[in-house]
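J.: generate coordinates for the sequence data below:
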Amino acid sequence: MARLFKTRELLSRYPWLDTVRMNLLGWICNHGTTFFDRSYAILKIMSPEAARLLEDPNRAPVTFAIYHGRMVGTLGLKPRKRLTILISQSRDGEMIARGAQGMGFSTARGSSKLGAVKGALELVEAVKTGKDLVFMVDGPRGPRFEVKPGIVRMAEITGTPIVPFICSARGAWSMPSWDKFMAASWGSPIVYIFGDPIYVPARCTEDKRQEIHKRLQETMEHLLQSADNLWSLPN
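T.: Numbers count the residues shown, from 1 in each chain. Just a heads-up that it's a prediction; the model follows:
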């Protein structure tokens with residue numbers, strides 16, 4: 001039986017197809033933001049501390065902590081041009097970066113395993129220009145919903161408070177990927193929940209970093225359960 005022809009082999013044989021694919025993704029994402037804005041009603045729930053911070057028009061930049069599989073929630077964080085998203089330098093990361101840029105976000109490239117210093121420097125520069133940061137806490141490869149310690153160190157370096165952030169859609173389906181990426185059904189209401197900001201002191205001790213990391217993990221788990229359970233409550 002003839003071996004199935006894989007997409008990766010096709011792209012390696014005809015590199016220009018990869019360029020077309022990337023450009024098409026950017027175009028789709030650029031126009032997809034208009035579709036998202038017109039199609040989804042978003043309910044935002046903030047803790048009192050999060051509201052005091054995020055609703056201050058003169059506030060300093062923050063770092064939003066979000067799960068990889070719920071990154072669709074970044075579309076509701078506005079203005080989008082104020083956000084810089086840290087994305088890995090992998091091939092999959094390149095596709096995500098093209099899509100994010102097409103939707104109006106800026107990106108920094110790096111992860112704990114590849115380009116960590118480069119990514120950190122780009123985030124520091126983004127904060128200096130007044131941009132908020134978005135950090136996918138369980139990326140780039142999981143385990144799903146497991147917060148990696150890198151965000152604590154990054155918040156320490158950039159001097160930004162961490163704002164735990166979860167989104168959930170009433171109607172949604174999951175993609176067959178490690179993160180079970182949530183795709184909201186057309187017209188489905190979406191809830192955003194923002195937890196108390198977590199501040200990381202400068203020159204933080206390792207014990208303190210571990211304490212903050214544990215607190216963030218527990219907070220994200222609580223917000224996720226609260227958001228997903230919201231749809232089962234009686235009207």
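J.: pull out the buried residues from stretch 58-78.
T.: 61-77 (16 or more other Cβ atoms under 10 Å). In short, each C-beta sits where N, CA and C put it, glycine included.
J.: show me where the chain has strands.
T.: Under the criterion DSSP state E, the chain carries strands at the ranges 42-46, 63-66, 83-87, 106-109, 132-136, 162-169, 172-174, 182-184, 190-194.
J.: what's the angle between the third one and strand 132-136?
T.: Meaning strand 83-87. Using axes from the mean of the first three to the mean of the last three Cα atoms, to 10 degrees, the interaxial angle of strand 83-87 with respect to strand 132-136 works out to 30 degrees.
J.: for the first one, same thing?
T.: Angle, strand 42-46 to strand 132-136, by the same axes, to 10 degrees: 100 degrees.
J.: pull out the buried positions in strand 42-46.
T.: Of all the residues in strand 42-46, those buried under the rule 16+ other Cβ under 10 Å are 45-46.
J.: need the contact partners of it.
T.: The list of residues contacting strand 42-46 from outside it, by Cβ atoms under 8 Å, 6 or more residues apart in numbering, reads 54-55, 76, 189-194.
J.: who does Trp173 bridge with?
T.: Ala183 (DSSP bridges).
J.: mind listing what it touches?
T.: Trp173 sits next to 182-183, 185 when contact means Cβ under 8 Å, 6+ apart.
J.: emit the ChimeraX select command for whichever of these are buried.
T.: In ChimeraX, selecting the buried portion of the contacts of Trp173, with burial taken from 16+ other Cβ under 10 Å, looks like this:
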select :182
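J.: ok, the contacts of Trp173 vs Leu121, which is closest?
T.: Met182 (31.3 Å; Cβ to Cβ).
J.: report the contact partners of the closest residue to that closest one other than its chain neighbours.
T.: Counting by Cβ to Cβ, 6 or more residues apart in numbering, Met182 lies nearest to Ala172, which is 5.0 Å off, once chain neighbours are set aside. Contacts here follow Cβ under 8 Å, 6+ apart; on that basis Ala172 touches 182-185, 188.
J.: what does Ile212 give?
T.: With contacts taken as Cβ under 8 Å, 6+ apart, Ile212 has the following neighbours: 152, 162, 198, 200, 204.
J.: let's have those residues in TSV, adding distance to Leu233.
T.: Converted to TSV, those look like this (distance: Cβ to Cβ, whole Å):
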residue	distance to Leu233
Val152	33
Ile162	28
Ile198	27
Val200	34
Cys204	39
